[in-house]
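Participant: The following comprises the amino acid sequence and a computationally predicted model.
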Amino acid sequence: MPGFLEYYMNTSIGKGERNSALFFATKCAIEDGLSESDIWDRVGDKARSDGLSDKEIEHTIRSALSKPADYRYKKENRQYRSSTTPIRIRPQKAAPFPTIPDDWEQTNFSDYLYALYQPADLVNYVIRAVDRGDGWKPCDSGITERVDALIPRLHGRRTADVIDINPASGAWVRINPCDGKGISDDNIIDYRHCLVESDKIGVEEQWRIVTSLNIPCAAVVFSGGKSLHFVVKIHAGQNRKLYDDRVQQLYSVLDRYGFHVDTNNKHPSRLSRLPGIWRGRQKQVLLATNIGCESWQEWVIQPRAANIARWVATEPPIQRFVFKGIVPEGAICGIDAKGGLGKGWITQTLIMSACTGKTLLETFIPDGPMKVLWLESEDPESELHRRFRKIAAAYEFTEWDLHRCSENLIAFPGQSFPLTRPAGGSVEPTEHYEWVYGKVKEYQPRLIVLDPRSHYYGGDENDNTQVGRFMGLLKELTSAVDKGAAVWVNHHTSKEREQQISSASGRGASAGRDAQRVLFGLSGMTLNEVQGFKIHDPHLYVRMENTKSNWTERYSKVIWLKRETGDLGGVLKQVDLSRTEELK
């Protein structure tokens, strides 16, 4: 058992290193060809003698066995397609700033190697430097050696006693393993990590931003100067395009949250400060290893398990509504109907109701005045302006009501642009989506309106995967609003279902209506209704029904609306017809 495994089996490992050393030793045992039973018996018994519990041993060995001994990228038949799709991360509470342990000089560098490298990897570090008046800079290609040979020499000793370091300059270590033939990007064998650094903001603010974004960091080192060095898990294997793409995505997220990255660190051969030594009067110290998400993939997806114990112990949060009892926060809602029935008029009336906090349609009672973001592409601004004035006059808006509309409504009329585009069998968000997401985050509207859906969707309308992804992106918009929001999306019915009112009448893939939690349908009056209600001008009436309601009890009554005529022609008002029937 050569190298680190032999050292591990014959050396007592102290607290603070036992789990890392066991994980590393298990990886060495795999590389040396030991069977799983031998690993459990021999390596497990050694860990038990070091003081680890059976539960800790089982967890650590299973974790090491579940991952391949060699993380290097295996080429696939398909070629990676570069993408600049931005990542949207929901910030959480930042981790507290760490304290420095007393034995930092003895443990930091080995802990850093445990976190970043595999046993057989070659690590390059630089100890020679020169100061030409602009600070100490590395001045040679450094030293390259196997990790499993270096760690035993470091064990229990100050790093400065093992490596001949100039305490004035400090030292540096590369963040990725190399081939031993050079130190350029071409000599990196695994694009495993990238370096994130900034000296534009304070150290504690750097820590706050990165930990609140749950970025997957293999290690965090205080440089002994103005910055922290975050070594971020990229895990791009040997695929340089994938590496560059992920680094760009990472830097974009950080920039969005005020962390202005030094982009000179984008290269995979970059040096970070070597932890566990002095740099003048400052410590180059390891602050943390393996914080944030476990991997890049988990960070991008960020699945979160529900806290079932909290379900059992506490009352659920109260459902909040944009329109009381009928349009809940966090939901995608809207109207599916054929053209010409009044979707646009109804939607604009509800928008003005939400902005003012006034009930205009009796069934839709707004939860107070609120901000609304409105994307409308079917009608030009001039037409929406005329409708605005008609609705305001028909409902007798006061100066204060008009002022609230001015303050609370941001509208982009007569403009259509794709929020998605086809990509890899699904769709991905476009720059327009990111712009909308930014507006939502900036403006904080409680109601977000898109009318109609087809003018903002870029993809195959009949593809469930693509439509489902698009609807998921619309749902994500609500997460950008601190107090909660609803998305209202209008859509056209298919031609063969124009005479129906049902949740299945919408055109295209069923994933669209499946994603909507609340749906309404529109139709004109039937002949029986005209005769039963003794209506002489049926073209003025619109029947509105709540065809789907997943989060609340479905509103069971028909909502009848009547169009105004004359100067207010087109405005719809809710009316109470004496023979209004409950839906069967």
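Facilitator: Great, that's in hand.
Participant: quick one, strands of the stretch 401-550 of the chain?
Facilitator: Under the criterion DSSP state E, counting those that start in this stretch, the stretch 401-550 of the chain contains strands at 409-413, 420-423, 426-429, 447-451, 486-489, 518-523, 541-549.
Participant: Tell me the helices and strands packed up against the longest one.
Facilitator: Other helices and strands packing on strand 541-549, by 3 or more CB pairs under 8 Å, 6 or more residues apart in numbering; DSSP states H and E, are strand 518-523, strand 559-563. To be clear about C-beta, it is placed using only N, CA and C from the backbone, and glycine gets the same treatment.
Participant: what about Pro177, neighbour count?
Facilitator: 25 (other CB atoms under 10 Å).
Participant: One more: the one 5 residues further on?
Facilitator: When neighbours are counted by other CB under 10 Å, Gly182 registers 14.
Participant: same question, Arg157
Facilitator: 12.
Participant: Could you tell me the per-residue confidence at it?
Facilitator: pLDDT recorded at Arg157 is 92.
Participant: Tell me which residues touch it, please.
Facilitator: Applying CB atoms under 8 Å, 6 or more residues apart in numbering, we find Arg157 in contact with Gln106.
Participant: which SS class is it?
Facilitator: With DSSP: H, G, I helix; E, B strand; the rest coil as the basis, Arg157 sits in coil.
Participant: can you give me phi and psi for it?
Facilitator: Backbone torsions for Arg157, taken as degrees, to the nearest 10, come to phi -120, psi 150.
Participant: what do you get for Trp136?
Facilitator: phi -70, psi 130.
Participant: What degree of burial does the residue nearest to it when sequence neighbours are not counted show, as a neighbour count?
Facilitator: In this structure, Trp136 finds its nearest non-sequential neighbour in Ser169, 3.7 Å apart by CB to CB, 6 or more residues apart in numbering. Neighbourhood size, Ser169 [other CB under 10 Å]: 21.
Participant: Ok, Leu122 next?
Facilitator: Neighbour tally, Leu122, other CB under 10 Å: 19.
Participant: Surely it and Cys178 touch.
Facilitator: Yes - with contact defined as CB atoms under 8 Å, Leu122 reaches Cys178; the gap is 5.5 Å.
Participant: got any residues that touch both of these two?
Facilitator: With CB under 8 Å, 6+ apart as the test, Leu122 and Cys178 both reach Thr144.
Participant: Gln516: how many residues sit nearby?
Facilitator: 26.
Participant: re the thing from before, how about the strands of the stretch 401-550 of the chain in CSV, adding distance to Ala305?
Facilitator: As requested, these are exported to CSV (distance: least, CB to CB, whole Å):
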stretch, distance to Ala305
strand 409-413, 37
strand 420-423, 29
strand 426-429, 25
strand 447-451, 28
strand 486-489, 26
strand 518-523, 28
strand 541-549, 28
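Participant: Reformat the helices and strands packed on strand 541-549 as TSV; add mean pLDDT and mean neighbour count.
Facilitator: TSV is the format used below for these (pLDDT from 0 to 100; neighbours: other CB atoms under 10 Å):
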stretch	mean pLDDT	mean neighbour count
strand 518-523	93	24
strand 559-563	95	19
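Participant: Distance to Asp140 for those strands - can I get that in CSV?
Facilitator: Shown next, in CSV, are the helices and strands packed on strand 541-549 (distance: least, CB to CB, whole Å):
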stretch, distance to Asp140
strand 518-523, 67
strand 559-563, 79
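Participant: give me the low-pLDDT residue ranges for the stretch 51-200 of the chain?
Facilitator: Along the stretch 51-200 of the chain, segments meeting pLDDT under 70 span 67-88.
Participant: Skipping adjacent residues, who's closest to Ala29 in space?
Facilitator: Distances taken as CB to CB, 6+ apart put Ile39 closest to Ala29, at 4.9 Å, once the chain neighbours are dropped.
Participant: That neighbour - how many residues pack around it?
Facilitator: For Ile39, using other CB under 10 Å, the count is 18.
Participant: just checking, it touches Leu65?
Facilitator: Yes - between Ile39 and Leu65 there is a contact at 7.4 Å, judged by CB under 8 Å.
Participant: what is in contact with these two at once?
Facilitator: By CB under 8 Å, 6+ apart, the residues touching both Ile39 and Leu65 are 26, 30.
Participant: Let me know which of the helices and strands packed on strand 541-549 is the nearest to Phe397.
Facilitator: The minimum distance between Phe397 and the helices and strands packed on strand 541-549 falls on strand 559-563, with 18.9 Å, by CB to CB.
Participant: what packs against that closest one?
Facilitator: strand 541-549, strand 572-575.
Participant: And for it, what's in contact with it?
Facilitator: Looking at what lies outside strand 559-563 - CB under 8 Å, 6+ apart - the contacts are 342, 346, 361, 363, 540-546, 569-577, 580.
Participant: What's the PyMOL line that selects buried ones from these?
Facilitator: Command for PyMOL, covering only those of the contacts of strand 559-563 found buried under the criterion 16 or more other CB atoms under 10 Å:
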select buried, resi 342+346+361+363+540+541+542+543+544+545+546+570+571+572+573+574+577
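Participant: and Ser252, what helix or strand is that in?
Facilitator: When elements are assigned from DSSP states H and E, Ser252 belongs to helix 240-256.
Participant: what do you get for Tyr112?
Facilitator: Per DSSP H and E: helix 104-116 holds Tyr112.
Participant: Buried residues of stretch 93-100, list them for me.
Facilitator: Ala94.
Participant: got it, and stretch 283-302?
Facilitator: Buried-residue list, stretch 283-302, by 16+ other CB under 10 Å: 283-293, 296, 299.
Participant: Stretch 47-63 now?
Facilitator: 47, 50, 52, 57, 60-61.
Participant: Of those, which pair is most distant in space?
Facilitator: Asp50 and Ile61 (13.4 Å).
Participant: How is this structure partitioned into domains?
Facilitator: For the chain, automatic domain parsing gives the domain ranges 1-70, 80-301, 327-522.
Participant: Where among those domains is average confidence lowest?
Facilitator: Minimum mean pLDDT among the domains of the chain: domain 1-70, a mean of 80.
Participant: quick one on the thing from earlier: would you reformat the buried residues of stretch 47-63 as CSV and include distance to Ile326 and secondary structure?
Facilitator: As requested, the buried residues of stretch 47-63 are exported to CSV (distance: CB to CB, whole Å; DSSP: H, G, I helix; E, B strand; the rest coil):
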residue, distance to Ile326, secondary structure
Ala47, 60, helix
Asp50, 62, coil
Leu52, 57, coil
Ile57, 56, helix
Thr60, 53, helix
Ile61, 55, helix
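Participant: What segments of the stretch 351-500 of the chain are helices?
Facilitator: 381-394, 399-408, 431-443, 464-479 (DSSP state H, counting those that start in this stretch).
Participant: Need the winner for burial among those helices.
Facilitator: helix 464-479 (a mean of 20; mean count of other CB atoms under 10 Å).
Participant: which other residues reach that helix?
Facilitator: So helix 464-479 is contacted by 88, 90, 329-330, 332, 419-420, 422, 425-427, 429, 433, 436-437, 440, 448, 450, 457, 459-461, 484-487, 489, 508-512, 514-516 (CB under 8 Å, 6+ apart).
Participant: Likewise for stretch 384-400?
Facilitator: Contacts of stretch 384-400 (CB under 8 Å, 6+ apart): 344-345, 348-349, 352, 356, 358, 360, 376, 401-402, 405, 411, 413-414, 564, 567-571, 573.
Participant: give me the number of residues near Ala219?
Facilitator: 26.
Participant: got it, and Arg453?
Facilitator: Neighbour number of Arg453 under other CB under 10 Å is 24.
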